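K.L.:
Give me a 3D structure for the following:
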Amino acid sequence: MHPRIEDYALIGDEQTAALVGRDGSVDWLCLPRFDSAACFARLLGDEENGHWRIAPKGVDGPCTRRAYRPDTLVLDTEWETDEGAIRVTDLMPQRDRAPDLVRVVEGLRGRVTVRSTLRLRFDYGSIVPWMRKSDGHRVAIAGPDSVWLRSEPSVRTWGEDLATHSEFTVAEGEKVAFVLTWHPSHEPRPPLVDPHKAVRASVKDWRKWVRRCRYTGPYRDAVVRSLITLKALTYRPTGGIVAAATTSLPEEPGGVRNWDYRYCWLRDSTLTLNAGLAAGYRKEAEAWRNWLLRAVAGDPADLQIMYGLAGERRLPETELAWLSGFAGSAPVRIGNDAVNQLQLDVYGEVMDSLALARSSGLPPRPHMWSIQRALMDWLCEEWRQPDEGLWEVRGGRRHFVHSKIMVWVAADRAVRTLEEEPELGGDLDRWRALRDEVHREVCEKGYDAERNTFTQFYGSRELDAALLLIPRLGFLPPDDPRVTGTVEAIRGELGHHGLLRRYSTDGTTVDGLPGDEGTFVVCSFWLADALHMTGLRKEARELFERLVGLCNDVGLLSEEYDPVSGRQLGNFPQAFSHVGLVNTALALFGDGEAG
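P.N.:
Below is the predicted model:
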């Protein structure tokens with residue numbers, strides 16, 4: 001039986017990440033970066049596509065219990081057997097050069113025989129490497145990739161069935177460590193890592209980082225776990241934050257809505273920045289702001305909805321035919337063609353993020369205002385175009401209401417900034433006129449007076465959960481009847497077992513795709529925010545509590561959730577979902593303000 005998405009836990013070194021199953025198997029790991037080819041791809045295929053399992057011999061099922069060490073990304077997985085008990089500790093230490101995966105087996109009780117099976121498959125499970133021994137290591141090489149496996153001298157390893165096996169016995173108090181290290185195959189072996197020191201250092205470093213968290217309200221453990229997850233999804237060399245650690249985990253089991261999320265989306269920028277600033281992580285927020293400035297620099301007409309980890313612009317989409325997909329959900333895709341879409345909302349996201357950064361006291365960067373002026377010049381001329389919208393539809397462009405509202409946000413933030421700092425210079429009258437014109441048009445063409453709700457796009461009767469952001473963005477006040485009407489309409493039409501879909505997929509969908517999807521986790525957090533802002537605070541807290549309850553046993557959320565089957569769906573863990581959890585907690589229980 002294929003594992004469930006929620007069966008996985010995340011470990012990482014802020015440059016890449018691995019998913020570890022409840023059965024002790026590392027089923028996903030891309031080296032050396034989040035967006036590199038996977039050397040373990042069982043997650044999207046089967047065992048022959050690569051994995052590394054460590055567990056008691058003869059035990060095929062899940063562990064007895066598992067948990068992160070408090071306030072860290074160090075994972076402990078434990079098994080109770082008739083012979084005794086063991087713990088496997090998994091982590092990826094922060095690194096300057098080579099990535100290391102450290103796995104330490106510790107005897108807790110009795111004497112337990114443990115089996116390790118390492119099946120390396122480079123290039124997303126398609127290439128079987130050449131294995132050899134060197135200086136007490138097992139070395140796997142194929143093309144540009146080289147992986148070194150190091151274990152205790154007392155542990156015998158052997159090759160069988162195109163895999164590397166080990167079998168050993170641990171007694172109470174004994175420890176056996178393994179280290180898997182990647183490096184370019186043309187370079188010499190990188191320096192060795194002491195696995196036991198790595199565990200101690202990682203625990204210390206993570207707890208030191210967590211102590212900077214300013215949030216002290218209810219559900220602090222869930223907030224801290226979300227912040228750790230966001231930190232783990234950050235590409236430390238550049239400050240970029242990937243949307244998720246995975247590609248092609250399905251939005252519908254067996255369906256085709258399978259996308260690569262190992263890139264950085266501008267749509268996440270303002271909410272991510274707010275979460276970091278409000279929780280006390282100014283250094284990380286500034287790094288994200290700086291990544292944003294580098295990524296969007298250039299011709300405003302070329303602004304993309306997403307970029308690579310360092311701001312790369314070309315992310316061509318390809319299907320990997322040799323992978324069967326998670327639980328048979330094909331195709332498996334790498335790259336993302338949505339990079340070529342026009343989404344007017346990203347201009348608003350960028351302007352809103354930079355306005356927030358400025359108002360929060362982050363030091364301005366050279367040319368920041370010049371970039372903003374260029375974006376506004378382009379937007380003043382081009383905002384009337386239809387676009388693909390926030391949700392990256394593939395069914396043709398529309399005049400999406402959320403996109404137009406974000407054009408208003410861009411103009412509003414530009415006006416406010418220039419009013420406060422006139423010495424910056426800019427066409428204030430033109431920006432004010434744009435703000436007024438967009439507001440007027442949205443209220444005329446994007447609002448259904450008969451039903452008292454804003455709609456998904458001009459002339460449509462469909463709804464969009466992104467419209468819940470209207471009061472948060474400041475487009476209309478929370479007590480405006482059009483806002484409360486929109487909130488109620490979205491709850492009624494997009495609600496599904498108390499959670500929220502992002503839009504309807506019942507035959508009239510504009511996304512151009514067959515099939516269905518689950519409820520969208522971040523949209524349900526937006527609903528909680530909207531309920532809170534419109535005075536329904538008890539309902540907002542009840543919804544927040546339910547959403548926190550959707551986290552898996554180690555506190556992680558995917559992109560979507562199926563309330564009927566009780567299963568997580570979509571890429572995992574999802575940054576947008578965890579950003580939603582943090583921001584809603586701040587709104588409901590904190591001051592909700594950045595700075």
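
K.L.:
got the contact list for the closest residue to residue 264 other than its chain neighbours?
P.N.:
The shortest distance from residue 264 to any non-neighbouring residue, by CB to CB, 6 or more residues apart in numbering, is to residue 240 (4.3 Å). Every C-beta, even on glycine, is put in place using the N, C-alpha and C of the backbone. By CB atoms under 8 Å, 6 or more residues apart in numbering, the contact set of residue 240 is 234, 264, 288, 291, 295, 307, 308, 309, 310, 311.

K.L.:
try residue 362
P.N.:
277, 282, 285, 286, 289.

K.L.:
Tell me which helix or strand the first one sits in.
P.N.:
Following DSSP states H and E, one finds residue 277 within helix 269-279.

K.L.:
Give me the buried positions along the helix or strand that that helix is followed by.
P.N.:
Using DSSP H and E, the helix or strand that directly follows helix 269-279 along the chain is helix 282-296. Neighbour-count burial for helix 282-296 flags 282, 284-293, 295-296 (criterion: 16 or more other CB atoms under 10 Å).

K.L.:
Kindly report the same for stretch 477-486.
P.N.:
Quick answer for stretch 477-486 (16+ other CB under 10 Å): 482, 483, 484, 485, 486.

K.L.:
the helices in the stretch 201-350 of the chain, which residues?
P.N.:
Using DSSP state H, counting those that start in this stretch, the helices assigned to the stretch 201-350 of the chain run over residues 220-232, 269-279, 282-296, 345-359.

K.L.:
quick revisit: got the CA positions of the helix holding residue 277 in CSV?
P.N.:
The C-alpha coordinates for helix 269-279 follow below in CSV (Å, rounded to 0.1, in the frame of the first residue of the first chain):
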residue,chain,number,x,y,z
SER,A,269,5.8,37.4,-1.0
THR,A,270,3.7,39.9,1.1
LEU,A,271,2.2,37.2,3.4
THR,A,272,5.6,35.6,3.9
LEU,A,273,7.2,38.9,4.6
ASN,A,274,4.5,39.8,7.1
ALA,A,275,4.8,36.4,8.9
GLY,A,276,8.6,36.8,9.2
LEU,A,277,8.5,40.4,10.4
ALA,A,278,5.6,39.9,12.9
ALA,A,279,7.2,36.8,14.4
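
K.L.:
what's in contact with that helix?
P.N.:
Under CB under 8 Å, 6+ apart, the answer for helix 269-279 is 213-215, 223, 227, 230, 241, 282, 284-285, 288-289, 292, 349-350, 352-353, 356-357, 360, 362, 575-576, 579-580, 582-583, 586, 590-595.

K.L.:
filter those residues to the buried ones?
P.N.:
Counted by 16+ other CB under 10 Å, the contacts of helix 269-279 give 213, 215, 223, 227, 230, 241, 282, 284-285, 288-289, 292, 349-350, 352-353, 356-357, 360, 362, 575-576, 579-580, 582-583, 586, 590, 592, 594 as buried.

K.L.:
Rank the helices and strands of this protein by mean pLDDT and give me the bottom one.
P.N.:
One helix or strand of the chain scores below all others by mean pLDDT, DSSP states H and E: strand 130-134, with a mean of 87.

K.L.:
Next SSE downstream of that strand?
P.N.:
With DSSP H and E, the next secondary element past strand 130-134 is strand 137-142.

K.L.:
Give the other helices and strands that that next one contacts.
P.N.:
Identification of packing neighbours for strand 137-142 by 3 or more CB pairs under 8 Å, 6 or more residues apart in numbering; DSSP states H and E yields helix 122-125, strand 130-134, strand 145-151.

K.L.:
Figure out which of these is closest to residue 433.
P.N.:
Closest to residue 433 of the helices and strands packed on strand 137-142, according to CB to CB: helix 122-125, at 51.0 Å.

K.L.:
Redo the helices of the stretch 201-350 of the chain as a markdown table? Include distance to residue 561 and mean pLDDT.
P.N.:
Shown next, in a markdown table, are the helices of the stretch 201-350 of the chain (distance: least, CB to CB, whole Å; pLDDT from 0 to 100):
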| stretch | distance to residue 561 | mean pLDDT |
| --- | --- | --- |
| helix 220-232 | 15 | 98 |
| helix 269-279 | 19 | 92 |
| helix 282-296 | 26 | 94 |
| helix 345-359 | 24 | 95 |
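
K.L.:
which residues touch residue 463?
P.N.:
453, 455, 456, 486, 489, 490, 493, 494, 503, 504.

K.L.:
Quick check on those: which are buried?
P.N.:
For the contacts of residue 463, a burial check counting by 16+ other CB under 10 Å picks out 453, 455, 456, 486, 489, 490, 494, 503, 504.

K.L.:
Now intersect these with the strands, please.
P.N.:
When the buried ones among the contacts of residue 463 are checked against strands (DSSP state E), the matches are residue 453.

K.L.:
where's the dip in pLDDT among the buried ones among the contacts of residue 463?
P.N.:
Scanning the buried ones among the contacts of residue 463 for pLDDT, the smallest score is found at residue 504, 87.

K.L.:
Per-residue pLDDT of the nearest residue to that one once chain neighbours are set aside, please?
P.N.:
Among residues not flanking residue 504 along the chain, residue 462 sits closest, at 5.7 Å (CB to CB, 6+ apart). Note for residue 462: predicted pLDDT of 93.

K.L.:
related to what we said a few turns ago, report the angle between the helix holding residue 277 and helix 345-359.
P.N.:
Computed by axes from the mean of the first three to the mean of the last three CA atoms, to 10 degrees, the angle separating helix 269-279 from helix 345-359 equals 20 degrees.

K.L.:
Where do the helices of the stretch 351-500 of the chain begin and end?
P.N.:
In the stretch 351-500 of the chain, the segments counted as helices under DSSP H, counting those that start in this stretch are 368-382, 401-420, 428-445, 470-473, 481-494.

K.L.:
To residue 169, which of these lies closest?
P.N.:
helix 481-494 (55.6 Å).

K.L.:
Extract the CA atoms of that closest one and return them as PDB.
P.N.:
Once non-C-alpha atoms are left out, helix 481-494 reads as follows in PDB (Å, rounded to 0.1, in the frame of the first residue of the first chain):
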ATOM      1  CA  PRO A 481     -21.900  45.200   3.000                       C
ATOM      2  CA  ARG A 482     -20.200  44.100  -0.200                       C
ATOM      3  CA  VAL A 483     -17.400  42.600   1.900                       C
ATOM      4  CA  THR A 484     -19.700  40.700   4.300                       C
ATOM      5  CA  GLY A 485     -21.800  39.600   1.400                       C
ATOM      6  CA  THR A 486     -18.800  38.200  -0.400                       C
ATOM      7  CA  VAL A 487     -17.600  36.400   2.700                       C
ATOM      8  CA  GLU A 488     -21.000  34.800   3.200                       C
ATOM      9  CA  ALA A 489     -21.300  33.900  -0.500                       C
ATOM     10  CA  ILE A 490     -17.900  32.200  -0.600                       C
ATOM     11  CA  ARG A 491     -18.700  30.300   2.600                       C
ATOM     12  CA  GLY A 492     -21.900  29.100   1.000                       C
ATOM     13  CA  GLU A 493     -20.800  28.200  -2.500                       C
ATOM     14  CA  LEU A 494     -17.100  27.200  -2.000                       C
END
